[in-house]
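Enquirer: curious how this folds, go ahead:
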Amino acid sequence: MIELYTWGTPNGRKVSIMLEEIGLPYSVHRINIREGEQFTPEFVAINPNSKIPAIIDSDGPDGQPMTMFESGAILIYLAGKTGKFLPETLRARYEVLQWLMFQMGHIGPMIGQLHVFLRSAKVEVPYAIERYTKEKNRLYRVLDKRLGEAEFLAAGEYTIADIATYPWVARYEWHKTDLAEYPNVKRWFDGISARPAVQRGMAVPG
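Expert: Model prediction:
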């Protein structure tokens, strides 16, 4: 059994989508980040960085419980555990990992900052909105170019790179993006949106 500690954010939904896709049994623990539950001693013991998501796998690599935090690391862990959504051949595997790191290092942080300044900042900061909007648009162009060359982000198949990126694109309205301007991204997004496991994972924690 996997214990999933999460909230309804793109990073949290990466892991719930992955768990639905691989079909491992899991239970959900809601960590209300609006109420600061990520800073409780109980959760800090699971993730010292006080961020969701995190998991505890009762059946770790050595048969002992395994605790994991950082969404990208969790995806790699679950892919390794099940042999799904991360190719075995080295060239394909590294291609997937570079697009996963693209999401972790660029898509998430930059779009996340744009969400903060568009939706949460107590005062409008035009410089920040302009800066992160320009970077968001650039990243969408990178995605659109890549998805004009291939059906999925890497290795010619649906992988953890797509699973990681999808929940951020799913908030396109939050960051004021018209997907029609990025037809290859829209085609990819619509296809992944139709997957039943993705639909179930996006509904977590409910």
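Enquirer: ok, the residue lying closest to Lys51 once chain neighbours are set aside - contacts?
Expert: Residue nearest to Lys51 in three dimensions, not counting chain neighbours: Gln38, with 6.4 Å by CB to CB, 6 or more residues apart in numbering. Glycine gets a C-beta too; all of them are placed from N, C-alpha and C. Shown in contact with Gln38 (CB atoms under 8 Å, 6 or more residues apart in numbering): Ile31, Asn47, Ser50, Lys51, Ile52.
Enquirer: now do Gln38 against Ala128, distance only.
Expert: 24 Å (CB to CB, to the nearest Å).
Enquirer: which residue ranges of this protein form strands?
Expert: Counting by DSSP state E, one finds strands in the chain at the ranges 2-6, 26-30, 54-57, 66-69.
Enquirer: specify the angle between the second one and strand 2-6 in degrees.
Expert: Yep, that's strand 26-30 we're talking about. 30 degrees (axes from the mean of the first three to the mean of the last three CA atoms, to 10 degrees).
Enquirer: what strands flank strand 26-30, and is each parallel or antiparallel?
Expert: strand 2-6 (parallel) (DSSP bridges).
Enquirer: which residues are contacting the partner strand?
Expert: Residues from elsewhere that reach strand 2-6 (CB under 8 Å, 6+ apart): 12-13, 15-16, 19, 24-31, 43, 46-47, 52-58, 204-205.
Enquirer: just the buried members of these?
Expert: 12-13, 15-16, 19, 24, 26, 28-31, 43, 46-47, 52-57, 204-205 (16 or more other CB atoms under 10 Å).
Enquirer: for the helix ranked longest in the chain, the distance to its chain's centre please.
Expert: Taking DSSP state H as the criterion, the chain has its longest helix at helix 126-149. Chain-centre distance of helix 126-149: 17 Å, with CA atoms, centre = their mean, to the nearest Å.
Enquirer: and the chain, what are its domains?
Expert: The chain breaks down by automatic domain parsing into domains covering 2-84, 90-198.
Enquirer: would you list the ones you listed in TSV and tack on mean pLDDT?
Expert: What follows is those, written out as TSV (pLDDT from 0 to 100):
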stretch	mean pLDDT
domain 2-84	97
domain 90-198	98
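Enquirer: still on that earlier bit, need the strands of the chain in JSON lines (columns: distance to Leu75).
Expert: Putting the strands of the chain into JSON lines (distance: least, CB to CB, whole Å) gives the following:
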{"stretch": "strand 2-6", "distance to Leu75": "13"}
{"stretch": "strand 26-30", "distance to Leu75": "14"}
{"stretch": "strand 54-57", "distance to Leu75": "10"}
{"stretch": "strand 66-69", "distance to Leu75": "10"}
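Enquirer: give me the number of residues near Pro10?
Expert: 23 (other CB atoms under 10 Å).
Enquirer: OK, contacts around the residue nearest to Pro65 when sequence neighbours are not counted?
Expert: Nearest non-adjacent residue to Pro65, counting by CB to CB, 6+ apart: Ser58, 5.4 Å away. Applying CB under 8 Å, 6+ apart to Ser58 gives the contacts Met1, Ile2, Glu3, Pro65.
Enquirer: and Ala161, by the same measure?
Expert: Ala161 neighbours (CB under 8 Å, 6+ apart): Val96, Leu97, Trp99, Leu100, Phe102, Gln103, Phe152, Leu153, Ala154.
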